[in-house]
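*Asks:* Fold the following for me, if possible:
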Amino acid sequence: MFMTKPLYQQIYNYIIENIKSGQLKAGDKVPSEKELSEKFSVSRITSKKALDLLAQHQIIHRIRGKGSYISDKPHNVDPEKEIVQDTDVLDDNILIGAIFPDFDSAFGSKLLKSIEQKASEYKVSLVIKRTHGLIAGEEKAILSLVELGVKGLIIFPVDSEQYNREMLKLILEGFPVVVVDRDLKGIYTSTVMTDNKQAALQLTEYLFELGHEHISFISPPPKRTSTVDERLQGFQKAFLKHGLRYNTDYLLTEITSSLPPVIQSENYLAVLENDIETIKKLIMDHPQITAFVASEYGIAVTLKKALLMLEKQIPHDYSIVCFDCPDDPFDSPMFTHIRQMETEMGMTAVNLLMSQLKGDHVPMHTVMNYTLVKGRSTRSINV
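*Replies:* Predicted coordinates:
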């Protein structure tokens with residue numbers, strides 16, 4: 001049970017007091033969601049909920065496209081008593097949705113599991129949609145869940161050059177949305193993610209500690225709704241921080257075989273083979289490279305295949321670090337990697353969504369902790 005009074009009650013009470021004092025009379029126009037959100041320094045979600053509740057109690061009537069107006073009914077209402085039930089509990093049978101591109105043992109499965117677990121604790125129902133990494137699939141998932149009647153969405157956006165139009169529309173309309181594992185630059189919505197720039201910096205610094213200076217960075221193409229650009233920035237920042245120059249020829253940001261749409265396509269093996277050949281060429285053209293930062297686990301696996309085909313040993317000949325790696329129940333992890341806090345990320349996302357549904361103010365950016373886990377893919381070259 002929620003015990004604290006939500007912020008939207010302040011707005012509700014403000015309108016009631018203005019009616020009682022005579023400042024607002026029957027037929028008068030009520031301040032808009034935007035005006036109220038600015039006046040009370042709250043989100044439009046909060047002001048919308050206050051107006052919705054006033055309409056529910058027939059204190060105002062709302063006209064689509066024109067605004068809200070004081071109704072002709074008598075207004076002998078006590079603001080504290082009028083919304084006491086709505087203050088403490090959410091409606092029964094709340095339905096929320098979670099949209100994922102895909103999920104596997106490296107990253108995604110624990111995140112989804114924790115979302116389901118936390119939703120159960122709140123006693124809300126959860127519907128899950130998978131987009132297969134396609135922007136069209138994401139738009140379809142959003143439309144179908146809204147039509148189904150979900151009250152809020154947790155979205156793990158696909159890698160895309162442009163923001164999803166349906167997602168932007170919901171956010172602009174004040175629909176409760178929490179975005180996970182992405183920072184939607186310039187978009188005012190609640191996000192939960194790892195500090196990818198700092199994590200990539202730490203990975204690179206770890207390789208410095210082992211004596212490596214000729215380090216390659218390998219990733220898919222950086223896109224607007226991906227984490228790749230921030231990880232690349234962290235890699236570059238590590239060199240600047242230590243007064244070292246990195247060779248731009250060591251950057252390989254065109255690997256696509258790890259992307260969900262490609263994995264599920266008919267020509268996946270051909271794309272994978274092409275990526276392996278591209279990596280092999282990088283290695284042969286730059287024999288001075290001794291270590292790699294892979295932006296994700298799938299790329300680290302592809303890199304390992306390329307090195308083995310060249311009869312190179314890991315970590316004897318080359319060290320590899322990456323983001324995320326499945327646990328090995330019988331040994332240390334295959335790769336030294338950044339472990340993101342999936343469970344905490346999922347639970348935080350649900351908490352933020354439920355706070356939005358309650359009408360509370362929520363932070364726009366929540367940054368999660370991470371840990372560097374040492375695996376079998378790195379060694380010191382100083383000895």
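*Asks:* CA only for contacts and neighbour counts going forward, please
*Replies:* Noted.
*Asks:* what are the bridge partners for Tyr69, then?
*Replies:* Counting by DSSP bridges, Tyr69 is bridged to Lys29, His61.
*Asks:* For His337, give its distance to Tyr122.
*Replies:* Per Cα to Cα, to the nearest Å, His337 is found 33 Å from Tyr122.
*Asks:* okay, the two: which has more neighbours?
*Replies:* Neighbours were tallied for His337 and for Tyr122 using other Cα atoms under 10 Å; the higher tally belongs to His337 (29 against 14).
*Asks:* how far out from the middle of the chain is the helix or strand hosting the more buried one?
*Replies:* Using DSSP states H and E, His337 falls within strand 336-340. Relative to the centre of its chain, strand 336-340 is centred 17 Å away, using Cα atoms, centre = their mean, to the nearest Å.
*Asks:* Check stretch 283-290 too.
*Replies:* 35 Å.
*Asks:* mind listing what's buried in that stretch?
*Replies:* By neighbour count on 16 or more other Cα atoms under 10 Å, the buried set for stretch 283-290 is Ile283, Ile289, Thr290.
*Asks:* mind checking the end-to-end distance for that stretch?
*Replies:* Its first and final residues considered, stretch 283-290 spans 9 Å by Cα to Cα.
*Asks:* pLDDT (mean, whole number) over it?
*Replies:* Averaging pLDDT along stretch 283-290 gives 96.
*Asks:* Please enumerate residues in contact with that stretch?
*Replies:* Applying Cα atoms under 8 Å, 6 or more residues apart in numbering, the contact partners of stretch 283-290 are His212, Glu213, His214, Ile215, Ser216, Tyr250, Asp317, Tyr318, Ser319.
*Asks:* switch to 10 Å and redo it
*Replies:* The contact list for stretch 283-290, computed with Cα atoms under 10 Å, 6 or more residues apart in numbering, reads 207, 211-216, 249-250, 277, 279-280, 282, 306-307, 310, 315-320, 381.
*Asks:* who does the strand holding His337 pair up with?
*Replies:* Applying DSSP bridges to the sheet, strand 336-340 is found paired with strand 319-323 (parallel), strand 370-373 (antiparallel).
*Asks:* Give me the buried stretch members for the last one, please.
*Replies:* The neighbour-count check on strand 370-373 (16+ other Cα under 10 Å) flags Tyr370, Leu372, Val373 as buried.
*Asks:* same check, this time on stretch 376-383
*Replies:* Under the neighbour-count criterion of 16+ other Cα under 10 Å, stretch 376-383 has Arg376, Ser377, Thr378, Arg379, Ile381 buried.
*Asks:* Also stretch 55-68?
*Replies:* Going by neighbour count (16+ other Cα under 10 Å), the buried part of stretch 55-68 is Ala55, Gln58, Ile59, Ile60, His61, Arg62, Ser68.
*Asks:* Grab the two from the residues you listed that are most spread out in space.
*Replies:* Farthest apart among these by Cα to Cα are Gln58 and Ser68. That separation is 11.3 Å.
*Asks:* which residues do these two both contact?
*Replies:* Applying Cα under 10 Å, 6+ apart, one finds that Gln58 and Ser68 are jointly contacted by Asp52.
*Asks:* Lys241 against Phe208, yeah?
*Replies:* No: with contact defined as Cα atoms under 10 Å, Lys241 and Phe208 do not form a contacting pair (11.5 Å).
*Asks:* Which one of these two is surrounded by more residues?
*Replies:* The residue with more neighbours, out of Lys241 and Phe208, is Phe208; 19 against 10, by other Cα under 10 Å.
*Asks:* Which secondary structure state does Tyr14 sit in?
*Replies:* helix (DSSP: H, G, I helix; E, B strand; the rest coil).
*Asks:* Report the separation between it and Ile128.
*Replies:* The value you get for Tyr14 to Ile128, if Cα to Cα is used, is 39 Å.
*Asks:* Could you pull out the helices in this protein for me?
*Replies:* Applying DSSP state H to the chain gives helices spanning 8-20, 33-40, 44-56, 79-82, 84-88, 109-121, 135-148, 165-172, 196-209, 228-241, 260-263, 268-285, 297-309, 342-358.
*Asks:* partner residues bridging the residue nearest in space to the middle of the chain?
*Replies:* By Cα atoms, centre = their mean, the chain has its centre lying nearest to Val180, at 1.7 Å. Taking DSSP bridges as the rule, Val180 bridges to Val192.
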